[in-house]
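Visitor: Generate coordinates for the sequence data below:
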Amino acid sequence: MTAFTENDLKRLENLIINGQKAIETRLTSLENGQKAIETRLTSLENGQKAIENSVGEIKREIQVLEIGQTEIKVEIRTLDAKITGLNERVQLIEASVGKIPDLAEKIGEVKNWKQIGISIVTAFVGGVIGWLIRGK
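Guide: Predicted coordinates for the structure are as follows:
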């Protein structure tokens, strides 16, 4: 058997201590890496939550836009109905306006007949009065 000297034991002790330090350094490095990974995961989770919140907001805004679009469609239908009613009224007015010259002509004819009738009645009444005055 070989005898171990104190120098050999000291070297062995130094090797063991250096090995432990290397292991501790590596463990510390792994822990730091793990903390960095956990930080990144937390950051990713926060980013995911922010994205989910944004998606939720976008969905709410889309719903509001859809409601607004539905309201606009209803208003457009209402306006279309009003425009259709106005078109019908305009057509009636156009038809009435088209009859105005005919009506004016008929009124003119009626006025002429009235004038002629008044003249005849006046002449008749004047003749009767004149005949009565001469006859007495």
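Visitor: how much distance is there from the helix or strand harbouring residue 48 to the middle of the chain?
Guide: Take DSSP states H and E as the rule and residue 48 turns out to sit in helix 6-135. Centroid displacement of helix 6-135 relative to its chain, using C-alpha atoms, centre = their mean, to the nearest Å, is 3 Å.
Visitor: avg pLDDT for it?
Guide: For helix 6-135, the mean pLDDT works out to 87.
Visitor: got the buried residues for stretch 61-71?
Guide: Of all the residues in stretch 61-71, not one is buried under the rule 16 or more other C-beta atoms under 10 Å. Yep, even glycine has a C-beta here, placed from its N, CA and C like the rest.
Visitor: Use 55 as the first number from now on
Guide: Will do, 55 is the new start, and the previous item becomes stretch 115-125.
Visitor: now for the helix holding residue 102, which elements pack on it?
Guide: Helix 60-189 sits against no helix or strand, with contacts defined as 3 or more C-beta pairs under 8 Å, 6 or more residues apart in numbering; DSSP states H and E.
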